[in-house]
Each structure stands twice: as structure tokens, then as C-alpha cells.
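S.K.: Need a 3D model of the sequence below.
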Amino acid sequence: MEFQDVVDRRRMVRNFDPDRPVPADVLDRILTNALHAPSAGFSQGWAFLVLDGPAETEQFWNVTWADGDRSTFRWQGLFSAPALIIPMSHKQAYLDRYAESDKGVTDKRESFWPVPYWDIDTGMAALLMLLTAVDAGLGALFFGVFPQHLDRFRSTFDVPDDYTPIGAIALGYRAPDEPSPSLRRGRRPLEEVVHRGRFRAGPR
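M.R.: Numbering: from 1, shown residues only. Coordinates of the predicted model:
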């Protein structure tokens, strides 16, 4: 598939075919491509928890829906996703890397960083996974892991406290899907979001 086709076809999918697992080689390609994401100082402060098959994915849903009624959720097909990947950022890897001699932030202060690059870089790795999924003929959804579930998530999957999930990615073959109502907002036009030379507020 041409790259532009991948970009044009990428959208969030919320309904998956439960009878078609993600082939192991495709899952490996998705994960391998994530390693090509940019990384400040080549810190690579990320980790990817892979849950493959219903026995593993069900543990995740039990954690993230521990206090809710799944039957009321609008997109029931999400729970049929045959694979989940949870990208996690590791801030300490960045603080340690930039304390090395070629960087020189020896006090490892977080205030050195203008924005949390550990989260940004892990997010870019997640986007590469989403794009690879499209190229492989799969559907994918990126969604949040909310703070009230983090302790149970970590204890269930033995995740250390210094790794933070930036979200989760559901993967699988698409089933007939209802697009999100939010799409009715439409995509903002280029001229509304691009500011050439200087930022210009209001209509142009």
C-alpha cells in the first residue's frame, strides 16, 4: 500500500472480528516498526505490553471495567479485539540518558525538559503501530487507560511503578463498524490550522 493511502485510510476502528486472530508475524512487524519512532537522545524510554488472545485481553478488560457495566458500552465489538498493545513511557530512562557526559544534565532535573518527551516519543511509536496496522489490512483503535485503573493494571500485569501507560491499542480485522459521532465535526481545513510566517488569530 502506498504511504499516502495508509494515511488516508487510517481511522479509529471500534468493532473487530473475534474469529480472526492477528497473525504472529504481523504483530511482530507492528512492534518492530514502533522501534523506528524518534527518541530524544535515543533514550528509547518505552515498553510495549502485548496481550494476545482472549485469555490475556480479558484480563485487561476486567481491570479497566472493574467498576462498570460493559453491557452499556456503545461499541461492544471493541471487547472482541484479538490483540491489545499497551505502550508505556519510562521517564527515568530520559533523565538518566541526559545525565550522561554527552548531554550533561547531571542533576537529572525534570525541569530541563520543555515537554515530557518520554510521553511524546512513546506516542509517536504508537502512531507507527497504528499506521502499520492499516498497511497490514487491520483495524486499530487508540484509547485511554484512566488513572483510577493504574494501580490494578500494574499489579495485574506486573508493571513497575515507573512505567506509565500512555493509552492502549486494540488490533484486529475490522467488522462492520459504527463511526464515532465526533467525526461529524469534520476535519479542520488546512488554512485554519496552518500559520505561515507568524501566528494569525481569527478568520483569515
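S.K.: Would you mind measuring from the closest residue to residue 112 other than its chain neighbours to residue 113?
M.R.: Excluding its sequence neighbours, the residue lying closest to residue 112 (CB to CB, 6 or more residues apart in numbering) is residue 105, at 5.0 Å. Quick note: C-beta positions are derived from backbone N, CA and C, even for glycine. In this view, residue 105 and residue 113 are 9 Å apart by CB to CB, to the nearest Å.
S.K.: coming back round to it: okay, now the residue nearest to residue 112: neighbour count?
M.R.: By the criterion of other CB atoms under 10 Å, residue 105 has 18 neighbours.
S.K.: How is it assigned, secondary-structure-wise?
M.R.: Three-state secondary structure (criterion: DSSP: H, G, I helix; E, B strand; the rest coil) places residue 105 in coil.
S.K.: Verify the contact between it and residue 97 for me.
M.R.: No - applying CB atoms under 8 Å, one finds residue 105 not in contact with residue 97, separated by 9.3 Å.
S.K.: What part of the chain, helix or strand, is modelled with the least confidence?
M.R.: Using mean pLDDT, DSSP states H and E, the weakest-scoring helix or strand in the chain turns out to be helix 190-193, at a mean of 90.
S.K.: Return the residues in contact with the residue nearest to residue 112.
M.R.: Counting by CB atoms under 8 Å, 6 or more residues apart in numbering, residue 105 touches 95, 98, 99, 112.
S.K.: Just the buried residues from these, in ChimeraX please.
M.R.: Those of the contacts of residue 105 that count as buried under 16 or more other CB atoms under 10 Å are selected in ChimeraX with:
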select :95,98
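S.K.: Now tabulate the contacts of residue 105 in a markdown table and tack on secondary structure and distance to residue 152.
M.R.: Formatted as a markdown table, these follow (DSSP: H, G, I helix; E, B strand; the rest coil; distance: CB to CB, whole Å):
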| residue | secondary structure | distance to residue 152 |
| --- | --- | --- |
| 95 | helix | 27 |
| 98 | coil | 32 |
| 99 | coil | 33 |
| 112 | helix | 33 |
